[in-house]
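>>> sequence? don't have it. structure:
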């Protein structure tokens with residue numbers, strides 16, 4: 001023990017100096033690790049607790065009951081659902097646009113999916129993308145519980161990039177009239193560009209962006225605001241932003 005102390009004492013100043021020098025980097029690393037753990041924990045709670053509560057307490061076959069049960073749960077628990085206020089904005093846009101093809105990136109437990117599906121025209125269809133298989137399975141189950149059938153929607157369990165690369169096979173000759181982005185904000189801009197490259201958006205597609213004011217969405221905001229002929233920003237509510245794409249007016253490549 002004494003010999004170990006004798007050996008380590010000369011190293012103490014070095015350890016102190018290195019700790020001071022790299023203190024900010026170590027602190028940032030710890031913060032990122034903690035944030036990641038909390039994010040995973042939050043996601044797990046959403047999948048298990050939200051699903052169990054909604055499934056057990058809603059009236060099966062009634063979409064409105066499912067939504068109200070979601071809202072009731074969110075009054076006492078944190079969830080990843082957009083909630084009733086943003087949900088009303090989503091409702092307004094779906095009613096106004098009457099989209100035939102909708103893409104939802106980040107379906108979580110199916111809350112926004114149900115809000116969209118209950119307002120689509122009879123021939124409308126929703127493609128919901130969710131990376132996590134457990135979340136996708138439970139979200140799809142809640143959509144079915146709400147009374148919707150598989151021909152009305154399809155869940156794609158993969159990354160947004162993978163989904164976009166295969167969208168043409170799902171769309172056929174159709175194009176997307178509405179896109180809801182509620183996944184990783186850092187993927188918003190790459191995914192928007194990929195949708196344009198694939199010519200997957202209709203001439204006046206509306207892109208509804210959740211968490212548009214987060215740092216991850218900064219690149220997207222800078223991109224669209226620098227191209228006023230191609231994009232215009234509509235309503236905004238609590239970080240949710242309505243983006244209009246004017247591709248019939250101005251080419252994306254310019």
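Great, that's in hand. Note that this is a predicted model, so its numbers are computed, not measured.
>>> can we go C-alpha only for contacts and neighbour counts from here?
Fine.
>>> quick one: low-confidence parts of this protein?
1-46, 247-254 (pLDDT under 70).
>>> show me what the strand or helix carrying residue 138 is packed against.
Using DSSP states H and E, residue 138 maps to helix 133-145. Under the contact definition 3 or more C-alpha pairs under 8 Å, 6 or more residues apart in numbering; DSSP states H and E, helix 133-145 sits against helix 51-57, strand 153-156.
>>> turn these into a markdown table, columns for distance to residue 190 and mean neighbour count.
Shown next, in a markdown table, are those (distance: least, C-alpha to C-alpha, whole Å; neighbours: other C-alpha atoms under 10 Å):
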| stretch | distance to residue 190 | mean neighbour count |
| --- | --- | --- |
| helix 51-57 | 31 | 16 |
| strand 153-156 | 19 | 18 |
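>>> buried residues in the helix holding residue 138?
134, 135, 136, 137, 138, 139, 140, 141, 142, 143, 144, 145 (16 or more other C-alpha atoms under 10 Å).
>>> cool, stretch 183-201 as well?
For stretch 183-201, burial by neighbour count (16+ other C-alpha under 10 Å) applies to 183, 185, 187, 188, 189, 191, 192, 194, 195, 196, 200, 201.
>>> not counting residues beside it along the chain, what's closest to the fifth one?
The spatial neighbour of residue 189 that comes closest, neighbours along the chain excluded (C-alpha to C-alpha, 6 or more residues apart in numbering), is residue 220 at 4.7 Å.
>>> what about the one you found, distance to residue 120?
Residue 220 sits 27 Å away from residue 120, going by C-alpha to C-alpha, to the nearest Å.
>>> where do the strands sit along the stretch 101-250 of the chain?
With DSSP state E, counting those that start in this stretch, the ranges of strands along the stretch 101-250 of the chain come out as 101-105, 125-129, 153-156, 176-181, 201-209, 231-237, 240-245.
>>> other SSEs contacting the first one?
For strand 101-105, the helices and strands in contact under the criterion 3+ C-alpha pairs under 8 Å, 6+ apart are strand 125-129, strand 176-181.
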